[in-house]
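1. Fold the following, please.
(2 chains)
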Amino acid sequence: MEKKVSIEKVYKPSEDVVARQVQGEFIIIPITSGIGDLEDEIFTLNETGRAIWDRMDGKKTLKVIAKDLSSDFESGTSDIEQDILGFTQELMKRNMLVEIGK
Amino acid sequence: MKLENRSEFCVVSDEELFLSGKALSELMLATLEKRAFFRFQVKGFSMSPFIRDGDIVTISPLSSAKSVFGKAVAFIHPCAEKLIIHRVIKDFPEHYLIKGDSLFYPDGFIPKKNMLGFVSKIERNGKAVRLGLGKEQTLIVFLSRERILPTLVWCWRRIPIKIRKVLKPIL
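-> Residues are numbered from 1 along each chain as shown, chains lettered A, B, ... in the order given. All right, here's what the predicted structure looks like:
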C-alpha cells in the first residue's frame, strides 16, 4: 500500500541507504537485504533533489522545507509544496525516506 | 532558478555509471560502515584465474572475518591511492603483504588501516564461483608467493586463443 505523504509531516533519509556526492553526482544506493548493490538500481539526485534531500533532517516538516526553499527558487510556496510532496512520495515508495514522529 | 519538475529530481540510473576507483571506494566504505555488503563488477586481470575481468564480487566488512590471511581484500594503495582487490599473502602486526594472484611482484606492505573489506562472493555469468574462497586459499597463497601461479597464467596467456578455447572446458 502506498504510504500517505503529508506536508505537515517530518521525514529523514532511511538508515538503509548510502548517499554520497561522488564524481560531481549525488548518488543514492539502497541497501536491500543487507547489500548495497551497484549492479542493481542506483539513484542520482540533481541539484534541486539534493536541496530537498539535504533539508530532510528529521526535524523540519515538508512545509518548513518548502518555505525555506522558496527563498532560493523563483517559485511560489504552493508550487514548491506540490513538488516536494511528489518527490517525497517517490522516495517513500522506494523506502529511501522514513517518516518521523509516528 | 526555477524549481524543476519533480520527475527530474530523482533519476533511476539505467545506464552504466562509470565510477572512478576513488568514488567506488567512498561508496564501498560508506556501505561497509553500515555493516552491509557491497556488490559491484570488477575490472582487470591481476587476480586471474580466481577473480576475472567482469566478475561481480561481494565485499564484506572486515569485522565478519576471523582472519583475512589468504583472502582477497579490497584496499586503498597508500602510494597509488587506488582501490585494488588483491590477496593477503602474509600477515604482520601493522601491515599485510598483498599480491595479485597473477602478478609476479607484491603490492608491498599495506597498512591494515587501508583495508576496506574482503571478497566473500564471486559471480561469473550469473553463477556463484566458489573456487578461491575456501580452504584452498592457503594453497593459492603458496602458489602465488612462489610465483608458480603467475608463471602458469603467463604461459596460459601465450597459448593461442583458439587452443585455449578448446582447453578451457577440460580445465
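2. For chain A, what lies in contact range of chain B?
-> Within chain A, the positions near chain B by CB under 8 Å from any CB of the partner chain are A:15, A:18, A:20, A:22-23, A:25, A:27, A:29, A:31, A:34-46, A:48-49, A:52, A:69, A:72-75, A:79-80, A:82-84, A:86-87, A:90-91. No exception for glycine: its C-beta is placed from N, CA and C like everyone else's.
3. switch the cut-off to 7 Å
-> Residues of chain A that fall close to chain B, judged by CB under 7 Å from any CB of the partner chain: A:18, A:20, A:22-23, A:27, A:29, A:31, A:34-39, A:41-46, A:48-49, A:52, A:72-75, A:79-80, A:83, A:86-87, A:90-91.
4. For stretch A:83-93, which residues meet the burial criterion?
-> Burial within stretch A:83-93, assessed by neighbour count using 16 or more other CB atoms under 10 Å in any protein chain shown, is assigned to A:83, A:84, A:85, A:86, A:87, A:88, A:89, A:90, A:91, A:92.
5. Oops, could you answer that again for stretch B:132-143 instead?
-> For stretch B:132-143, the neighbour count (16+ other CB under 10 Å) marks B:132, B:133, B:137, B:140, B:141, B:143 as buried.
6. same thing with stretch B:76-96?
-> Residues of stretch B:76-96 classed as buried by neighbour count (16+ other CB under 10 Å): B:76, B:77, B:83, B:84, B:85, B:86, B:87, B:88, B:89, B:96.
7. Mind jotting down where the strands sit in chain B?
-> Remark: strands assigned in chain B by DSSP state E are B:10-12, B:37-41, B:56-61, B:72-76, B:83-91, B:95-99, B:108-111, B:115-124, B:127-129.
8. Give me the most central residue, chain A.
-> residue A:53 (4.3 Å; CA atoms, centre = their mean).
9. Surely it is within a helix?
-> Yes. Residue A:53 forms part of a helix when assessed by DSSP: H, G, I helix; E, B strand; the rest coil.
10. which one of the strands of chain B is the most hemmed in?
-> strand B:72-76 (a mean of 24; mean count of other CB atoms under 10 Å in any protein chain shown).
11. Counting by contacts, list what it packs against.
-> For strand B:72-76, the packing partners by 3 or more CB pairs under 7 Å, 6 or more residues apart in numbering or on different chains; DSSP states H and E come out as strand B:83-91, strand B:115-124.
12. Any idea which of the ones you listed gets closest to chain A?
-> When these are ranked by proximity to chain A, the top entry is strand B:115-124, at 9.0 Å, counting by CB to the nearest CB.
13. Report the strands that pair with the closest one, each with its relative direction.
-> Using DSSP bridges, the strands paired with strand B:115-124 are strand B:56-61 (antiparallel), strand B:72-76 (antiparallel), strand B:127-129 (antiparallel).
14. Next, the angle strand B:83-91 makes with the longest one.
-> Read that as strand B:56-61. Using axes from the mean of the first three to the mean of the last three CA atoms, to 10 degrees, the interaxial angle of strand B:56-61 with respect to strand B:83-91 works out to 60 degrees.
15. could I have strand B:56-61 exported to PDB, CA atoms only?
-> Listed next in PDB are the C-alpha coordinates belonging to strand B:56-61 (Å, rounded to 0.1, in the frame of the first residue of the first chain):
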ATOM      1  CA  ILE B  56      30.700  -9.500  -9.900                       C
ATOM      2  CA  VAL B  57      32.100  -9.600  -6.400                       C
ATOM      3  CA  THR B  58      30.500  -9.000  -3.000                       C
ATOM      4  CA  ILE B  59      32.700  -7.300  -0.400                       C
ATOM      5  CA  SER B  60      32.000  -8.000   3.300                       C
ATOM      6  CA  PRO B  61      33.100  -5.900   6.300                       C
END
